[in-house]
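>>> let me see the structure of the following:
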Amino acid sequence: MHTTDISPWTHEHNFMADTSSAERRTRKVIVLTAVMMVVEIVAGTIFHSMALLADGWHMSTHVTAFALTAAAYYFCRRHAKDARFTFGTGKISVLGGFTSAIVLSGIALLMAGESIYRLVAPAPIHFQAAIIIASVGLAVNVASAWILKGDHHHHHHDHGHEHHHHGEDLNMRAAYMHVLADALTSVLAIVALSAGLFFGWVWLDPVMGLVGTVVIVSWAWMLLRDTSAILLDKIPANTDLPVVIREGIESDGDSAITDLHIWQVGAGKFAAIIGIVAHHPKTPDEYRRILKIHEELVHVSVEVQTCQEHEHEATMHKVE
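Just a heads-up that it's a prediction; the model follows:
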């Protein structure tokens, strides 16, 4: 039986960057956060501090969120070359970020409920001991942020015109946001407990819980918005690819784009399906070469059709 070797015409669909370092860093943060979580929940219960309990509860959900982050990285790496994932495993990482945002929203609402309860039914607080524990919690948050910071950054592609794409790892952004949320609640706890210790403002402790809720919900909303847009194949608002693709393809004055689909398949990586009609069309490879300058376009499918009006005119010319 005769077979044709098509390997030179095939390519992998793994568009994920190397996330092994991010995965290792996340695991370190899981251990660090889990230890502090236990300390703060126990101390908050003993010292009757809502702010301290809120910080501990936050850490418990962050441990879960960090575990989701690490699991997403592991799954992406494990199945990177699995052909069953049509455009690679990039969206698994985004799904991890989306799930973390939901967890973040849930715990923020629980914080709000408990804070309101403590406003109505305040409990005595051991301020000095609680301040010490909250300060240790803040130190752990700063250490966690430092560990994660090495992988939490933005990539920008600039191709000689005003054209920027954010290659942000939303899975890592979610983990980093959980750390920031923890740091915020730690700072608010220290402020509230200090005010209670020196001025007797016991009410400030649950009020700070409500302030933290508002800020954290806003962070979670932004993360949900960004991740859901990618999961639903919405063209990201921070890319001008639709414009530059049209400019590049239609610059010859003959070719016209009739169909254009763009979606994100990885951090800063996009795929596109382009339908083109022209009187004198180029080959699909020629059109793809025009777009080579855009490195973030990692998978481009081109469908070319000859303008029917041109074909009709050519037929009439032959008859005459």
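>>> what's the spacing between the residue nearest to the spatial centre of the chain and Val214?
Here the mean C-alpha position of the chain is nearest to the C-alpha of Leu170 (C-alpha atoms, centre = their mean), at a distance of 1.7 Å. Note on Leu170: its distance to Val214, by C-beta to C-beta, to the nearest Å, is 23 Å. For the C-beta atoms, the positions are set from N, CA and C on the backbone; glycine is no exception.
>>> same thing with Val244?
Computed with C-beta to C-beta, the distance linking Val244 and Val214 is 39 Å.
>>> neighbour count: those two, which is higher?
Set side by side, Val244 and Val214 show unequal neighbour counts under other C-beta atoms under 10 Å, the larger going to Val244 at 18 against 10.
>>> and that one, what element?
Taking DSSP states H and E as the criterion, Val244 maps to helix 241-249.
>>> just Phe66 next, same as before
Applying DSSP H and E, one finds Phe66 within helix 50-78.
>>> which strands and helices sit next to the next helix or strand after that helix?
Towards the C-terminus, the helix or strand next in line after helix 50-78, according to DSSP H and E, is helix 90-120. With contacts defined as 3 or more C-beta pairs under 8 Å, 6 or more residues apart in numbering; DSSP states H and E, the secondary structure elements packing on helix 90-120 are helix 50-78, helix 170-199, helix 204-231, strand 256-266.
>>> how far is the first one from where the chain is centred?
Relative to the chain's own centre, helix 50-78 is displaced by 15 Å; criterion: C-alpha atoms, centre = their mean, to the nearest Å.
>>> for it, name the packing helices and strands.
Under the contact criterion of 3+ C-beta pairs under 8 Å, 6+ apart, helix 50-78 touches helix 20-47, helix 90-120, helix 127-149, helix 170-199, helix 204-231.
>>> that helix vs helix 204-231, what angle?
Between the direction of helix 50-78 and that of helix 204-231, the angle (axes from the mean of the first three to the mean of the last three C-alpha atoms, to 10 degrees) works out to 20 degrees.
>>> which residues of the stretch 201-320 of the chain score low on pLDDT?
309-320 (pLDDT under 70).
>>> returning to that earlier point: got the helices and strands packed on helix 90-120 as CSV, with distance to Gly248 columns?
Output for those, formatted as CSV (distance: least, C-beta to C-beta, whole Å):
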stretch, distance to Gly248
helix 50-78, 31
helix 170-199, 28
helix 204-231, 24
strand 256-266, 10
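>>> among these, which comes closest to Gly96?
Taking C-beta to C-beta as the measure, the helices and strands packed on helix 90-120 were each checked against Gly96, and helix 50-78 came out nearest at 3.0 Å.
>>> tell me the mean pLDDT over the closest one?
Taken as a whole, helix 50-78 carries a mean pLDDT of 75.
>>> would you mind getting the angle between that helix and helix 127-149?
Compare the direction of helix 50-78 with that of helix 127-149 by the same axes, to 10 degrees and you get 20 degrees.
>>> so helix 50-78 versus helix 170-199, what angle?
Interaxial angle, helix 50-78 versus helix 170-199 (the same axes, to 10 degrees): 170 degrees.
>>> tally of neighbours for the residue nearest to Val302 when sequence neighbours are not counted?
Once flanking residues are discounted, Val302 sits nearest to Pro284: 4.0 Å by C-beta to C-beta, 6 or more residues apart in numbering. In terms of burial, Pro284 registers 15 neighbours under the definition other C-beta under 10 Å.
>>> mind checking the end-to-end distance for stretch 114-130?
End-to-end distance for stretch 114-130: 18 Å, by C-alpha to C-alpha, to the nearest Å.
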